[in-house]
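**Q** Structure of the sequence below:
(one chain, ligands or ions: 1)
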Amino acid sequence: MVQYIGSHDVAALLEKRGIGDFIRQLCDYLRADFRRWEDFEKSARLASHSAAGVIELMPTSDGTLYAFKYVNGHPVNTEAGKLTVTAFGVLADVATGYPLLISEMTILTALRTAATSAMAAKALARPESRRMALIGAGAQAEFQALAFEAELGITEISLHDPDPGAAGKVLRNLARVSALKVEVAPSVEAACTGADIITTATAAKRRQAVLSGGHIRPGMHINAIGGDCPGKTEIAADVLQAAKVFVEFPPQTRIEGDIQQMPADFPVTELWRVIAGKAPGRQTANDITLFDSVGFAIEDFSTLRLVRDLLGKDARELDLVPSLDNPKNLFGALMKEAAE
Ligand code: NAD
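**A** Numbers count the residues shown, from 1 in each chain. As a prediction, the model looks like this:
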């Protein structure tokens, strides 16, 4: 039998443990896997583009476990009452090739993206950072805010979204579960004024310049998660030029990230090298650091590993693989099933 974790199971787990605790634990799992980055099989994800969005497959393996995620990105979906991003993932045993676990990953993707952002910021932002501008109040927004509260000790959020309904939703949701002081700002500029960290989490299937040079100040850390697909960016080139840029897997980020607008040899540092102590992150208090996040398969691997450790023994089971008395008699097992 294959273990099954649905969105209800993830919600119950978060209710039991608390989102902040779960995110801190996920940051630890991510750090452990980023430190052994070289042990993993890595490839840029396989993308199938359409006019409305993209569907992607994201595989990786450490030689013992194999994982893949199916994920989409359709910014137009919200107009039809659907999510921009949905996902599910599988964890499998390399020795036998058997799937071990199939899990919802729509909620888990929001959590892993937020935890990866917070892990990056903990390594790159000024340690005294307490105020974050959050540009984009969609499905990812609360997860980002809570991860920065849990992992960095952020206490204030200035939020901007052209959709007042989205901003109001974030205000109400965060008031229920956190001590964050949240204010809604009338513009990107107003949101960024006085911020230590800027998170951009906007969705539009086009090249946007949501954040430009006039919004940034020395010492800021920028966590850019919304530019994650060819032709879909949110950071202006002058911000990228002013910053030290950190990425997950360069062959993927150069196609999908905000740096897709820059020359192919634009200098970047792989985040895992900073986490593993092999490359410097921020070098002075005045550096501007930028994490050009697109989401990488190893982050989903770490997340599936954590939910399996936390839920595996209590997980429901699915008959995804037939169980046979004689592994050569698949047909006989089919006949037996049909007769029962
Ligand atoms: P969503 O559609 O739910 O919300 C996006 C929000 O951005 C909307 O409220 C919209 O009004 C707002 N927005 C659009 N243009 C804006 C602008 N110019 N200024 C301010 N706000 C603006 O999307 P989501 O699920 O919250 O995802 C946000 C982005 O993050 C998407 O682009 C998604 O593809 C990306 N994403 C990245 C990762 C990653 O690993 N890097 C993971 C998940 C999602």
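**Q** who in this protein is up against the ligand?
**A** Contacts of the chain with the ligand, taken as CB under 6 Å from any ligand atom, map to 73, 75, 78, 84-85, 109, 113, 135-141, 160-163, 166, 201-204, 208, 210, 225-226, 228, 293-295. Heads up, the C-betas are built off the backbone N, CA and C, glycines and all.
**Q** What subset of those is buried?
**A** 73, 75, 84-85, 109, 113, 135-141, 160-161, 166, 201-203, 208, 210, 225-226, 228, 293-295 (16 or more other CB atoms under 10 Å).
**Q** Out of these, which sit inside helices?
**A** Counting by DSSP state H, those place 109, 113, 141, 166 in helices.
**Q** Which pLDDT value belongs to the third one?
**A** Here the pLDDT value assigned to Ala141 is 98.
**Q** got it, and Ala67?
**A** 98.
**Q** Which secondary structure element is home to Leu91?
**A** Element membership for Leu91 (DSSP states H and E) is strand 87-93.
**Q** List the contacts of the following helix or strand past that strand.
**A** Next helix or strand after strand 87-93 toward the C-terminus (DSSP H and E): strand 99-104. Contacts with strand 99-104, where a contact means CB atoms under 8 Å, 6 or more residues apart in numbering, come from 2-7, 9-10, 65, 87-93, 304, 307-308, 312, 315, 318, 320-321.
**Q** May I see the ChimeraX selection of the buried members of those?
**A** Of the contacts of strand 99-104, the buried ones can be selected in ChimeraX as follows, counting by 16+ other CB under 10 Å:
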select :2,3,5,9,10,65,87,88,89,90,91,92,304,307,308,315
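**Q** Which of the contacts of strand 99-104 fall in strands?
**A** Of the positions in the contacts of strand 99-104, 2-5, 65, 87-93, 318 sit in strands, assigned by DSSP state E.
**Q** quick one: which of those residues is nearest to Pro263?
**A** For the ones in strands among the contacts of strand 99-104, the closest approach to Pro263 (CB to CB) belongs to Ala87, at 31.9 Å.
**Q** now for the ones in helices among the buried ones among the residues of the chain next to the ligand, which pair is the farthest apart?
**A** The most distant members of those, if one measures by CB to CB, are Thr109 and Ala166, lying 18.6 Å apart.
**Q** and Val71, helix, strand or coil?
**A** strand (DSSP: H, G, I helix; E, B strand; the rest coil).
**Q** where exactly do the helices run in the protein?
**A** Assigned by DSSP H, the helices in the chain fall at 7-17, 19-35, 106-124, 141-152, 164-177, 188-192, 237-242, 250-256, 271-275, 297-311, 330-339.
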